[in-house]
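Peer 1: 3D model of this:
(4 chains)
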Number of protein chains: 2
Amino acid sequence: MEALARIEEFRHGRVPRAVRRRQLVELGEELFLERGFAKASMDELARRAGVTKPVIYELFGSKEGLFNACLEGLALRLATQIADAARAGTDPESRLRAGGLAFLRFATENRVAYELLYEGRFSEAAAKVRRRQATLILELMREMAPDHVDPRELEVAANAVNSAYEGVAHWMWDHPDIPLETLADWTVELLLPGLRRFT
Amino acid sequence: MEALARIEEFRHGRVPRAVRRRQLVELGEELFLERGFAKASMDELARRAGVTKPVIYELFGSKEGLFNACLEGLALRLATQIADAARAGTDPESRLRAGGLAFLRFATENRVAYELLYEGRFSEAAAKVRRRQATLILELMREMAPDHVDPRELEVAANAVNSAYEGVAHWMWDHPDIPLETLADWTVELLLPGLRRFT
DNA sequence: GCCGGGGGTTACTCGTGGTAGGTTACTGTG
DNA sequence: CACAGTAACCTACCACGAGTAACCCCCGGC
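Peer 2: Just a heads-up that it's a prediction; the model follows:
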């Protein structure tokens, strides 16, 4: 902290790599959130950071590289919020309920950020995040599942559950009048019966 | 047919708007499938069509406009295949089974096309296609649903089902060893119990 | 024969991702 | 204290792609 403060005082705005990197990721996140990936310009980021482009390219290699770095934090926040909520429950139903609710809450409170996560399927970053999410759900399910279930089938179910919640989130954005909790309940009621086999 | 053939003979490659339009949509579809939206260049499309860019812009207004036009056909094919399959069944279970299977089949046989449909959530076209798909499922469900169910809840369920199948399709691409029919069965078994309330 | 308009082209602008090569400020070493 | 060496940074550019203004040319109808 105090070390950072001292470092920030470098004359001429000159700053160590690590610090500049963090600053750019932060400003980049803002910019991507405002404009989306395609319309965000590296020139503008450079302007906002009071730096020139080669600095950014030195640190991140490419626009996609910067994008990946910016998604890191977002994806982590999402994953931990869901995991924490789900693992607070003990029985399968309460875990699904809590996890789903946490996800929908995240989706409302960070709508733009969440949309950003899934912008551009071609971005390898987005695909990775998607997989990570599904894996997390898979882990959570595995913790409750008996041994005799086909692991492949469990995997498919985890993916389906993940995507189903995504779909619900999209619907939710178009219908803000329906309370989030109601939506979470509906989704649980839809998915839970089919999930009982895995518990 | 014969009228078209006569028209194609126009000297200097000069051709009526409607014909040029169809040709460009066809070539555009190819190009987008090859390169994806972002990396497909209008200059190249123009080259391939043996035409210059202003012609394209005259007909479609913008790159997104062309993209929309190209998605039209794809989305239509997808929707009709699912609808036909689903409506062939009589009871809810067989309809879900048939519809889901049709979707997964489409996803395998037209993988690139399908990915294209969902590339770029910001593309209004993609969002529209997504909504249309969900609406189709909703229609199919409504045909079997009793009167007492909350229409909102039904809508949410339709979206969830749609997205769940999307997720399964993605998993499928990463695991080609699992037969499509098995996957379809698993998905039905996962979703059907929760859907019985709506029948 | 002339003229109106549909179909097409040339030749640009402007913005943006990306880079080569030079410059400045700080740091450790004799 | 001079003097590398290096980390941070900048100027000035390139290539390329979306989109456009202004012009052309050929055909059918009068």
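Peer 1: so residue A:83 sits against residue A:140, correct?
Peer 2: Yes - the pair residue A:83 / residue A:140 is scored as a contact, 7.1 Å apart, by C-beta atoms under 8 Å. In short, each C-beta sits where N, CA and C put it, glycine included.
Peer 1: looking at these two, which is more packed in?
Peer 2: Counted by other C-beta atoms under 10 Å in any protein chain shown, residue A:83 and residue A:140 do not tie: residue A:140 has more neighbours, with 21 against 16.
Peer 1: which residues does that one contact?
Peer 2: Residue A:140 is in contact with A:83, A:86, A:87, A:95, A:99, counting by C-beta atoms under 8 Å, 6 or more residues apart in numbering or on different chains.
Peer 1: pLDDT value on the most centrally placed residue in chain A, please?
Peer 2: For chain A, the residue nearest the mean C-alpha position is residue A:75 (2.9 Å; C-alpha atoms, centre = their mean). Residue A:75 is assigned 90 on the pLDDT scale.
Peer 1: around DNA strand C, pick out the residues from chain A.
Peer 2: For chain A, the contact set with DNA strand C under C-beta under 7 Å from any atom of the strand comprises A:10-12, A:14, A:39-44, A:53-54, A:57, A:61-64.
Peer 1: which of those residues fall in strands?
Peer 2: Using DSSP state E, no member of these sits in strands.
Peer 1: list buried members of the residues you listed by neighbour count.
Peer 2: Buried residues within those, defined by neighbour count using 16 or more other C-beta atoms under 10 Å in any protein chain shown: A:40, A:42, A:63.
Peer 1: from those residues, pick the one nearest residue B:172.
Peer 2: Nearest to residue B:172 among these, counting by C-beta to C-beta, is residue A:63 at 30.7 Å.
Peer 1: which helices and strands sit right next to the strand or helix carrying residue A:82?
Peer 2: Per DSSP states H and E, residue A:82 falls inside helix A:63-88. Applying 3 or more C-beta pairs under 8 Å, 6 or more residues apart in numbering or on different chains; DSSP states H and E, we find helix A:63-88 packed against helix A:17-39, helix A:42-49, helix A:53-60, helix A:92-109, helix A:111-117, helix A:124-142.
Peer 1: make TSV out of these and add mean pLDDT and distance to DNA strand D.
Peer 2: Below are the helices and strands packed on helix A:63-88 laid out as TSV (pLDDT from 0 to 100; distance: least, C-beta to the nearest atom of the strand, whole Å):
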stretch	mean pLDDT	distance to DNA strand D
helix A:17-39	95	4
helix A:42-49	97	8
helix A:53-60	97	3
helix A:92-109	95	30
helix A:111-117	88	21
helix A:124-142	88	21
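Peer 1: how about these in TSV, adding distance to residue B:170?
Peer 2: As requested, the helices and strands packed on helix A:63-88 are arranged in TSV below (distance: least, C-beta to C-beta, whole Å):
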stretch	distance to residue B:170
helix A:17-39	20
helix A:42-49	30
helix A:53-60	27
helix A:92-109	18
helix A:111-117	15
helix A:124-142	7
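Peer 1: among these, which comes closest to residue A:192?
Peer 2: Nearest to residue A:192 among those is helix A:92-109 (6.1 Å), distances taken as C-beta to C-beta.
Peer 1: elements contacting the helix or strand hosting residue A:154?
Peer 2: Using DSSP H and E, residue A:154 sits within helix A:151-174. Where contact means 3+ C-beta pairs under 8 Å, 6+ apart, helix A:151-174 is packed against helix A:92-109, helix A:124-142, helix A:180-195, helix B:124-142, helix B:151-174, helix B:180-195.
Peer 1: out of the ones you listed, the one nearest residue B:30 is which?
Peer 2: Residue B:30 lies closest, by C-beta to C-beta, to one member of the helices and strands packed on helix A:151-174: helix B:124-142, at 17.4 Å.
Peer 1: re the thing from before, list the buried residues of the helix holding residue A:82.
Peer 2: Of the residues in helix A:63-88, A:63, A:66-71, A:74-75, A:78-79, A:81-83, A:85-86 count as buried by neighbour count, 16+ other C-beta under 10 Å.
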